[in-house]
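Asker: fold the following and give me the result.
(one chain, ligands or ions: 1)
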Amino acid sequence: MDNEIICIGCGAKLQAEDPNKAGFLPTSALNKAIEAEDQEVYCQRCFRLRHYNEIMPVDLNNDDFLALLNSLAEKKALIVNVVDLFDFSNSLLSSLKRFVGNNKFILVGNKFDLFPKNSRQSKIKDWMRQEANRMGLYPEKIFLISAARQKFLDELIEYLNANSQDQDIYFVGMTNVGKSTLINAIIDKMGDIKDLITTSRFPGTTLDRIEIPLDNGHYLVDTPGIMTENQLVAHLDPKDLALVSPKKPLKPATYQLLPGNTLFLGGLGRIDYLKGESTSFTVYAPREVYVHRTKVSNADEFYRKHNGEMLTPPVASKDLPELKGQEFHTTYKSDLLFGGIGFITVPEGCVVKAYTPGQIGLGIRRALI
Ligand code: GDP
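Answerer: The predicted model follows:
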(Lines give C-alpha, C1' and ligand atoms only; values in the text may rest on other atoms or scores of the structure.)
Protein backbone atom coordinates (compact mmCIF):
# COMPACT_ATOMS: atom_id res chain seq x y z
CA MET A 1 0.00 0.00 0.00
CA ASP A 2 1.45 3.37 -1.02
CA ASN A 3 -0.51 5.43 1.42
CA GLU A 4 0.57 3.70 4.54
CA ILE A 5 -1.28 4.90 7.61
CA ILE A 6 -0.43 4.20 11.19
CA CYS A 7 -3.01 3.79 13.95
CA ILE A 8 -2.49 6.72 16.30
CA GLY A 9 -3.65 4.55 19.19
CA CYS A 10 -1.27 1.62 19.02
CA GLY A 11 1.12 2.51 16.24
CA ALA A 12 0.27 -0.56 14.14
CA LYS A 13 0.18 -0.25 10.37
CA LEU A 14 -3.47 -0.07 9.35
CA GLN A 15 -4.64 -3.01 7.26
CA ALA A 16 -7.99 -4.30 5.98
CA GLU A 17 -6.99 -7.92 5.39
CA ASP A 18 -7.07 -9.69 8.72
CA PRO A 19 -9.41 -8.68 11.55
CA ASN A 20 -7.34 -10.75 13.97
CA LYS A 21 -4.11 -8.94 13.29
CA ALA A 22 -2.97 -5.60 14.65
CA GLY A 23 -4.11 -2.47 12.89
CA PHE A 24 -7.27 -3.88 11.33
CA LEU A 25 -9.82 -1.49 9.89
CA PRO A 26 -12.67 -2.49 7.53
CA THR A 27 -11.88 -1.69 3.91
CA SER A 28 -14.50 1.07 3.62
CA ALA A 29 -13.19 2.90 6.69
CA LEU A 30 -9.60 2.48 5.56
CA ASN A 31 -10.35 3.78 2.08
CA LYS A 32 -12.17 6.74 3.54
CA ALA A 33 -9.15 7.56 5.69
CA ILE A 34 -6.81 7.25 2.71
CA GLU A 35 -8.99 9.46 0.52
CA ALA A 36 -9.33 12.09 3.18
CA GLU A 37 -5.60 11.89 3.90
CA ASP A 38 -6.64 11.60 7.48
CA GLN A 39 -3.64 11.22 9.72
CA GLU A 40 -5.65 10.71 12.89
CA VAL A 41 -7.05 7.24 12.44
CA TYR A 42 -7.55 4.51 14.98
CA CYS A 43 -7.62 0.84 14.12
CA GLN A 44 -10.88 -0.89 14.96
CA ARG A 45 -9.58 -2.33 18.17
CA CYS A 46 -8.22 0.98 19.48
CA PHE A 47 -11.37 2.73 18.39
CA ARG A 48 -13.44 0.33 20.42
CA LEU A 49 -11.14 0.46 23.39
CA ARG A 50 -11.09 4.21 23.19
CA HIS A 51 -14.80 4.27 23.47
CA TYR A 52 -14.60 1.73 26.23
CA ASN A 53 -17.77 -0.05 25.35
CA GLU A 54 -16.01 -3.10 24.13
CA ILE A 55 -14.14 -3.73 27.30
CA MET A 56 -16.05 -6.50 28.90
CA PRO A 57 -16.37 -6.55 32.63
CA VAL A 58 -14.47 -9.39 34.21
CA ASP A 59 -15.34 -11.63 37.06
CA LEU A 60 -13.52 -10.91 40.29
CA ASN A 61 -12.17 -14.46 40.34
CA ASN A 62 -11.03 -14.33 36.74
CA ASP A 63 -7.49 -15.80 36.67
CA ASP A 64 -6.22 -13.17 34.30
CA PHE A 65 -7.50 -10.41 36.46
CA LEU A 66 -5.96 -11.93 39.59
CA ALA A 67 -2.68 -12.25 37.71
CA LEU A 68 -2.89 -8.59 36.79
CA LEU A 69 -3.53 -7.65 40.41
CA ASN A 70 -0.71 -9.93 41.52
CA SER A 71 1.68 -8.17 39.23
CA LEU A 72 0.88 -4.92 41.00
CA ALA A 73 2.33 -6.13 44.28
CA GLU A 74 5.65 -6.75 42.56
CA LYS A 75 6.05 -3.38 40.96
CA LYS A 76 6.03 0.17 42.20
CA ALA A 77 2.66 1.63 41.38
CA LEU A 78 0.01 3.89 42.79
CA ILE A 79 -3.29 2.04 43.06
CA VAL A 80 -6.51 3.98 42.76
CA ASN A 81 -9.74 2.21 43.73
CA VAL A 82 -12.68 4.15 42.32
CA VAL A 83 -15.85 3.51 44.32
CA ASP A 84 -19.49 4.49 43.98
CA LEU A 85 -20.56 6.44 47.06
CA PHE A 86 -24.08 5.05 46.62
CA ASP A 87 -22.96 1.45 46.52
CA PHE A 88 -19.86 1.79 48.60
CA SER A 89 -19.46 -1.54 50.33
CA ASN A 90 -20.02 -3.38 47.07
CA SER A 91 -17.64 -1.27 45.09
CA LEU A 92 -14.76 -1.43 47.55
CA LEU A 93 -12.37 -4.01 46.20
CA SER A 94 -11.68 -6.04 49.32
CA SER A 95 -9.30 -8.42 47.58
CA LEU A 96 -6.99 -5.50 46.93
CA LYS A 97 -5.38 -5.88 50.32
CA ARG A 98 -3.62 -8.99 49.06
CA PHE A 99 -2.24 -7.15 46.08
CA VAL A 100 -1.38 -3.70 47.26
CA GLY A 101 2.01 -4.85 48.62
CA ASN A 102 4.08 -1.87 49.67
CA ASN A 103 2.34 0.37 47.21
CA LYS A 104 0.37 3.46 47.97
CA PHE A 105 -3.34 2.99 47.66
CA ILE A 106 -6.02 5.67 47.49
CA LEU A 107 -9.80 5.64 47.45
CA VAL A 108 -11.76 7.86 45.11
CA GLY A 109 -15.44 8.18 46.05
CA ASN A 110 -17.38 9.09 42.93
CA LYS A 111 -20.88 10.55 42.39
CA PHE A 112 -20.44 13.04 45.24
CA ASP A 113 -22.70 15.38 43.23
CA LEU A 114 -25.66 13.21 44.31
CA PHE A 115 -25.21 13.96 48.00
CA PRO A 116 -27.42 16.77 49.25
CA LYS A 117 -25.71 20.16 49.20
CA ASN A 118 -25.28 20.35 52.97
CA SER A 119 -23.32 17.08 53.23
CA ARG A 120 -20.09 17.25 55.19
CA GLN A 121 -17.09 15.87 53.31
CA SER A 122 -15.25 14.99 56.53
CA LYS A 123 -18.11 12.78 57.77
CA ILE A 124 -18.30 10.93 54.48
CA LYS A 125 -14.54 10.39 54.40
CA ASP A 126 -14.52 9.14 58.01
CA TRP A 127 -17.19 6.59 57.14
CA MET A 128 -15.27 5.47 54.04
CA ARG A 129 -12.07 5.09 56.03
CA GLN A 130 -13.78 3.05 58.74
CA GLU A 131 -15.36 0.74 56.17
CA ALA A 132 -12.08 0.33 54.31
CA ASN A 133 -10.20 -0.40 57.55
CA ARG A 134 -12.79 -2.98 58.48
CA MET A 135 -11.91 -4.78 55.25
CA GLY A 136 -8.19 -4.55 55.96
CA LEU A 137 -7.60 -1.68 53.54
CA TYR A 138 -5.67 1.40 54.62
CA PRO A 139 -5.98 4.12 52.01
CA GLU A 140 -3.27 6.74 52.05
CA LYS A 141 -5.81 9.35 51.00
CA ILE A 142 -9.52 9.60 50.22
CA PHE A 143 -11.01 11.90 47.60
CA LEU A 144 -14.64 12.76 46.96
CA ILE A 145 -15.32 13.70 43.37
CA SER A 146 -17.89 13.90 40.64
CA ALA A 147 -16.48 12.47 37.44
CA ALA A 148 -19.59 13.21 35.40
CA ARG A 149 -19.78 16.84 36.54
CA GLN A 150 -16.00 17.18 36.46
CA LYS A 151 -16.16 18.60 39.97
CA PHE A 152 -13.66 18.42 42.84
CA LEU A 153 -11.10 16.90 40.48
CA ASP A 154 -8.28 19.41 40.99
CA GLU A 155 -7.01 18.02 44.26
CA LEU A 156 -7.05 14.49 42.88
CA ILE A 157 -5.24 15.47 39.69
CA GLU A 158 -2.62 17.36 41.67
CA TYR A 159 -2.07 14.25 43.76
CA LEU A 160 -1.84 12.01 40.69
CA ASN A 161 0.64 14.38 39.08
CA ALA A 162 2.81 14.43 42.17
CA ASN A 163 2.69 10.66 42.50
CA SER A 164 3.29 9.69 38.90
CA GLN A 165 6.84 10.99 38.74
CA ASP A 166 8.39 7.62 39.54
CA GLN A 167 5.59 5.10 38.98
CA ASP A 168 2.53 4.16 36.92
CA ILE A 169 -0.98 4.70 38.22
CA TYR A 170 -3.43 1.81 38.13
CA PHE A 171 -7.17 2.45 38.24
CA VAL A 172 -9.27 -0.44 39.51
CA GLY A 173 -12.98 -0.62 40.24
CA MET A 174 -16.22 -2.49 39.94
CA THR A 175 -18.39 -1.82 36.91
CA ASN A 176 -20.65 1.20 36.98
CA VAL A 177 -18.70 3.15 39.61
CA GLY A 178 -17.82 5.71 36.94
CA LYS A 179 -14.22 4.69 36.29
CA SER A 180 -14.38 5.33 32.54
CA THR A 181 -16.06 8.67 33.11
CA LEU A 182 -13.33 9.59 35.59
CA ILE A 183 -10.48 8.61 33.30
CA ASN A 184 -12.01 10.57 30.45
CA ALA A 185 -12.42 13.54 32.77
CA ILE A 186 -8.80 13.28 33.86
CA ILE A 187 -7.65 13.15 30.24
CA ASP A 188 -9.77 16.22 29.61
CA LYS A 189 -8.37 18.12 32.57
CA MET A 190 -4.73 17.12 32.33
CA GLY A 191 -4.17 19.11 29.17
CA ASP A 192 -0.60 17.94 28.96
CA ILE A 193 -1.31 14.24 28.61
CA LYS A 194 -1.93 13.08 25.12
CA ASP A 195 -5.49 12.26 24.30
CA LEU A 196 -4.33 9.06 22.73
CA ILE A 197 -4.74 5.68 24.15
CA THR A 198 -2.09 3.12 23.61
CA THR A 199 -3.52 -0.29 23.96
CA SER A 200 -1.67 -3.29 25.19
CA ARG A 201 -2.53 -6.65 26.50
CA PHE A 202 -1.39 -7.87 29.84
CA PRO A 203 1.30 -10.36 28.84
CA GLY A 204 0.04 -13.87 28.42
CA THR A 205 -3.57 -13.09 29.11
CA THR A 206 -6.67 -12.10 27.27
CA LEU A 207 -7.39 -9.09 29.45
CA ASP A 208 -7.49 -5.70 27.91
CA ARG A 209 -6.10 -2.81 29.72
CA ILE A 210 -5.59 0.70 28.50
CA GLU A 211 -2.43 2.65 29.01
CA ILE A 212 -2.56 6.39 28.76
CA PRO A 213 0.90 7.88 28.44
CA LEU A 214 1.81 10.78 30.69
CA ASP A 215 4.48 13.17 29.54
CA ASN A 216 6.78 12.11 32.36
CA GLY A 217 7.25 8.69 30.82
CA HIS A 218 4.79 6.94 33.12
CA TYR A 219 1.25 5.73 32.45
CA LEU A 220 -2.28 5.86 33.72
CA VAL A 221 -3.49 2.30 33.40
CA ASP A 222 -7.17 1.54 33.18
CA THR A 223 -8.00 -2.04 34.14
CA PRO A 224 -11.25 -3.78 33.20
CA GLY A 225 -14.30 -3.14 35.34
CA ILE A 226 -15.17 -5.98 37.67
CA MET A 227 -18.61 -7.42 38.02
CA THR A 228 -20.10 -9.37 40.90
CA GLU A 229 -23.56 -10.59 41.72
CA ASN A 230 -23.34 -8.41 44.82
CA GLN A 231 -24.10 -5.32 42.83
CA LEU A 232 -27.71 -4.52 42.17
CA VAL A 233 -26.65 -3.14 38.80
CA ALA A 234 -25.61 -6.64 37.75
CA HIS A 235 -29.28 -7.63 37.93
CA LEU A 236 -30.86 -4.56 36.36
CA ASP A 237 -32.05 -4.12 32.82
CA PRO A 238 -30.51 -0.95 31.28
CA LYS A 239 -33.92 0.77 31.50
CA ASP A 240 -34.03 0.24 35.24
CA LEU A 241 -30.38 1.11 35.59
CA ALA A 242 -31.16 4.47 34.02
CA LEU A 243 -33.99 5.01 36.52
CA VAL A 244 -31.80 4.38 39.55
CA SER A 245 -28.84 6.40 38.18
CA PRO A 246 -29.82 9.93 39.01
CA LYS A 247 -28.16 12.95 37.49
CA LYS A 248 -29.28 15.43 40.12
CA PRO A 249 -28.63 15.54 43.90
CA LEU A 250 -30.95 13.27 45.84
CA LYS A 251 -33.73 15.29 47.36
CA PRO A 252 -34.68 14.24 50.89
CA ALA A 253 -38.33 13.31 51.44
CA THR A 254 -39.57 12.91 55.00
CA TYR A 255 -42.29 10.48 56.05
CA GLN A 256 -44.01 10.49 59.43
CA LEU A 257 -44.28 6.86 60.48
CA LEU A 258 -45.73 4.68 63.23
CA PRO A 259 -44.59 1.18 64.05
CA GLY A 260 -46.51 -1.09 61.70
CA ASN A 261 -45.85 1.14 58.68
CA THR A 262 -43.92 0.11 55.60
CA LEU A 263 -42.23 2.21 52.94
CA PHE A 264 -41.49 0.79 49.51
CA LEU A 265 -38.73 2.18 47.28
CA GLY A 266 -40.41 1.16 44.06
CA GLY A 267 -40.11 -2.61 43.95
CA LEU A 268 -36.40 -2.52 44.73
CA GLY A 269 -36.46 -1.71 48.43
CA ARG A 270 -38.69 -1.89 51.45
CA ILE A 271 -38.43 -0.87 55.08
CA ASP A 272 -40.80 -2.07 57.81
CA TYR A 273 -40.97 0.02 60.96
CA LEU A 274 -41.32 -2.61 63.65
CA LYS A 275 -40.71 -0.93 67.03
CA GLY A 276 -40.30 2.62 68.27
CA GLU A 277 -42.29 5.83 68.70
CA SER A 278 -44.12 7.85 66.10
CA THR A 279 -41.24 9.46 64.22
CA SER A 280 -39.97 10.53 60.83
CA PHE A 281 -37.79 8.65 58.34
CA THR A 282 -36.03 10.59 55.58
CA VAL A 283 -35.67 8.94 52.20
CA TYR A 284 -32.77 9.82 49.89
CA ALA A 285 -33.51 8.14 46.58
CA PRO A 286 -33.72 9.13 42.92
CA ARG A 287 -36.92 10.96 41.99
CA GLU A 288 -37.76 8.17 39.57
CA VAL A 289 -38.13 5.73 42.45
CA TYR A 290 -41.76 5.70 43.53
CA VAL A 291 -41.96 5.79 47.33
CA HIS A 292 -45.14 4.25 48.72
CA ARG A 293 -46.36 3.99 52.31
CA THR A 294 -48.54 1.13 53.45
CA LYS A 295 -49.03 -1.16 56.44
CA VAL A 296 -46.62 -3.96 57.31
CA SER A 297 -49.57 -6.33 57.54
CA ASN A 298 -50.52 -5.44 53.98
CA ALA A 299 -47.09 -5.11 52.45
CA ASP A 300 -46.44 -8.61 51.09
CA GLU A 301 -49.69 -8.68 49.20
CA PHE A 302 -49.28 -5.12 48.00
CA TYR A 303 -45.87 -5.99 46.63
CA ARG A 304 -47.18 -9.10 44.88
CA LYS A 305 -49.91 -7.09 43.21
CA HIS A 306 -48.04 -3.95 42.30
CA ASN A 307 -44.37 -4.76 41.83
CA GLY A 308 -43.28 -3.51 38.42
CA GLU A 309 -46.55 -1.62 37.91
CA MET A 310 -47.23 0.90 40.63
CA LEU A 311 -44.03 0.02 42.42
CA THR A 312 -41.38 1.11 39.89
CA PRO A 313 -38.57 0.67 39.14
CA PRO A 314 -38.27 -2.15 38.13
CA VAL A 315 -39.94 -1.60 34.81
CA ALA A 316 -38.04 -4.11 32.70
CA SER A 317 -35.74 -6.28 34.82
CA LYS A 318 -36.62 -9.93 34.72
CA ASP A 319 -35.56 -12.51 37.26
CA LEU A 320 -34.56 -10.08 39.96
CA PRO A 321 -33.85 -11.92 43.20
CA GLU A 322 -36.81 -11.74 45.62
CA LEU A 323 -36.91 -9.02 48.23
CA LYS A 324 -35.17 -10.32 51.33
CA GLY A 325 -35.05 -8.54 54.66
CA GLN A 326 -32.76 -8.04 57.60
CA GLU A 327 -33.56 -6.51 60.98
CA PHE A 328 -31.64 -3.52 62.29
CA HIS A 329 -31.78 -1.81 65.70
CA THR A 330 -30.62 1.78 65.63
CA THR A 331 -28.61 2.78 68.68
CA TYR A 332 -27.92 6.19 67.13
CA LYS A 333 -29.35 8.12 64.20
CA SER A 334 -28.51 5.88 61.27
CA ASP A 335 -28.70 5.55 57.52
CA LEU A 336 -30.14 2.29 56.26
CA LEU A 337 -28.33 1.61 53.00
CA PHE A 338 -30.00 0.31 49.87
CA GLY A 339 -26.87 -0.08 47.74
CA GLY A 340 -27.28 1.24 44.23
CA ILE A 341 -30.55 3.00 45.08
CA GLY A 342 -30.10 5.35 48.03
CA PHE A 343 -30.56 5.42 51.79
CA ILE A 344 -33.11 6.12 54.52
CA THR A 345 -32.24 8.04 57.67
CA VAL A 346 -33.82 6.54 60.77
CA PRO A 347 -33.69 8.07 64.29
CA GLU A 348 -32.09 6.22 67.21
CA GLY A 349 -34.10 3.69 69.16
CA CYS A 350 -35.96 2.10 66.24
CA VAL A 351 -36.27 -1.49 65.13
CA VAL A 352 -36.70 -1.81 61.38
CA LYS A 353 -36.50 -4.52 58.79
CA ALA A 354 -34.95 -3.46 55.51
CA TYR A 355 -35.27 -5.41 52.27
CA THR A 356 -33.56 -5.41 48.89
CA PRO A 357 -33.53 -7.99 46.10
CA GLY A 358 -31.64 -10.90 47.64
CA GLN A 359 -30.39 -8.56 50.42
CA ILE A 360 -27.96 -7.10 47.89
CA GLY A 361 -26.46 -3.82 49.05
CA LEU A 362 -28.14 -3.77 52.46
CA GLY A 363 -26.23 -2.02 55.21
CA ILE A 364 -26.25 0.54 57.98
CA ARG A 365 -24.00 3.43 59.01
CA ARG A 366 -24.05 6.36 61.39
CA ALA A 367 -26.21 9.03 59.73
CA LEU A 368 -24.12 11.25 57.46
CA ILE A 369 -26.51 14.17 57.22
P1 GDP B 1 -17.60 2.28 34.77
O2 GDP B 1 -18.34 1.00 34.50
O3 GDP B 1 -17.01 2.27 36.14
O4 GDP B 1 -16.58 2.62 33.74
O5 GDP B 1 -18.69 3.42 34.82
P6 GDP B 1 -19.16 4.54 33.77
O7 GDP B 1 -18.08 5.58 33.62
O8 GDP B 1 -19.63 3.88 32.54
O9 GDP B 1 -20.37 5.19 34.58
C10 GDP B 1 -21.42 4.42 35.10
C11 GDP B 1 -22.65 5.26 35.33
O12 GDP B 1 -22.42 6.20 36.37
C13 GDP B 1 -23.05 6.07 34.11
O14 GDP B 1 -24.47 6.08 34.07
C15 GDP B 1 -22.52 7.46 34.42
O16 GDP B 1 -23.30 8.45 33.80
C17 GDP B 1 -22.68 7.51 35.91
N18 GDP B 1 -21.70 8.42 36.53
C19 GDP B 1 -20.37 8.41 36.37
N20 GDP B 1 -19.80 9.39 37.10
C21 GDP B 1 -20.80 10.02 37.74
C22 GDP B 1 -20.85 11.15 38.65
O23 GDP B 1 -19.87 11.76 39.02
N24 GDP B 1 -22.09 11.48 39.10
C25 GDP B 1 -23.22 10.84 38.72
N26 GDP B 1 -24.38 11.27 39.22
N27 GDP B 1 -23.22 9.80 37.87
C28 GDP B 1 -22.02 9.40 37.38
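Asker: what does the protein have sitting close to the ligand?
Answerer: 110-111, 113-114, 146-149, 173, 175-181, 225, 245, 247 (C-beta under 6 Å from any ligand atom). No exception for glycine: its C-beta is placed from N, CA and C like everyone else's.
Asker: narrow these to those in helices?
Answerer: 179-181 (DSSP state H).
Asker: among these, find the lowest-pLDDT one for me.
Answerer: Here the lowest pLDDT out of these sits on S180, with 82.
Asker: so that residue makes contact with P224?
Answerer: No - S180 is beyond contact range of P224, at 10.6 Å (criterion: C-beta atoms under 8 Å).
Asker: which outside residues touch the helix or strand containing I79?
Answerer: Assignment of secondary structure by DSSP states H and E places I79 within strand 77-84. Residues from elsewhere that reach strand 77-84 (C-beta atoms under 8 Å, 6 or more residues apart in numbering): 72, 90-93, 96, 99-100, 103-111, 128, 137, 139, 160, 163-164, 167-174, 176-179, 182, 340.
Asker: where does D166 fall, helix, sheet strand or coil?
Answerer: Put simply, D166 is coil when judged by DSSP: H, G, I helix; E, B strand; the rest coil.
Asker: list the residues that contact M174.
Answerer: M174 neighbours (C-beta under 8 Å, 6+ apart): 83-84, 90-91, 93, 225-228, 231.
Asker: now the buried members of these.
Answerer: Using 16 or more other C-beta atoms under 10 Å as the burial test, these include 83-84, 90-91, 93, 225-227, 231 as buried.
Asker: pretty sure V172 contacts L92?
Answerer: No - counting by C-beta under 8 Å, L92 is not a contact partner of V172; they are 10.7 Å apart.
Asker: on that earlier part again, taking the contacts of M174 together, which two end up most distant?
Answerer: V83 and M227 (14.8 Å; C-beta to C-beta).
Asker: quick one: neighbours of Q167, just the number.
Answerer: 16 (other C-beta atoms under 10 Å).
Asker: again with the one 3 residues further on
Answerer: Residues near Y170, counting by other C-beta under 10 Å, number 24.
Asker: the stretch 251-369 of the chain: strands as residue ranges?
Answerer: Secondary structure of the stretch 251-369 of the chain (DSSP state E, counting those that start in this stretch): strands at 252-257, 261-265, 269-275, 279-284, 291-295, 323-329, 334-338, 342-346, 351-357, 362-366.
Asker: helices along this structure, start to end?
Answerer: Counting by DSSP H, the helices of the chain are 27-35, 44-50, 63-74, 88-91, 96-99, 121-134, 154-163, 179-189, 238-243, 296-306.
Asker: rewinding a little: could you dump the strands of the stretch 251-369 of the chain to TSV with distance to V41?
Answerer: Compiled in TSV, those are given as follows (distance: least, C-beta to C-beta, whole Å):
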stretch	distance to V41
strand 252-257	50
strand 261-265	48
strand 269-275	48
strand 279-284	46
strand 291-295	51
strand 323-329	51
strand 334-338	46
strand 342-346	44
strand 351-357	45
strand 362-366	48
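Asker: need the ones you listed in JSON lines (columns: mean neighbour count).
Answerer: Listed next are these as JSON lines, based on neighbours: other C-beta atoms under 10 Å:
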{"stretch": "strand 252-257", "mean neighbour count": "14"}
{"stretch": "strand 261-265", "mean neighbour count": "23"}
{"stretch": "strand 269-275", "mean neighbour count": "22"}
{"stretch": "strand 279-284", "mean neighbour count": "18"}
{"stretch": "strand 291-295", "mean neighbour count": "15"}
{"stretch": "strand 323-329", "mean neighbour count": "15"}
{"stretch": "strand 334-338", "mean neighbour count": "24"}
{"stretch": "strand 342-346", "mean neighbour count": "24"}
{"stretch": "strand 351-357", "mean neighbour count": "22"}
{"stretch": "strand 362-366", "mean neighbour count": "18"}
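Asker: columns mean pLDDT on top of those strands, output as JSON lines?
Answerer: JSON lines is the format used below for those (pLDDT from 0 to 100):
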{"stretch": "strand 252-257", "mean pLDDT": "97"}
{"stretch": "strand 261-265", "mean pLDDT": "98"}
{"stretch": "strand 269-275", "mean pLDDT": "98"}
{"stretch": "strand 279-284", "mean pLDDT": "98"}
{"stretch": "strand 291-295", "mean pLDDT": "98"}
{"stretch": "strand 323-329", "mean pLDDT": "98"}
{"stretch": "strand 334-338", "mean pLDDT": "98"}
{"stretch": "strand 342-346", "mean pLDDT": "97"}
{"stretch": "strand 351-357", "mean pLDDT": "98"}
{"stretch": "strand 362-366", "mean pLDDT": "96"}
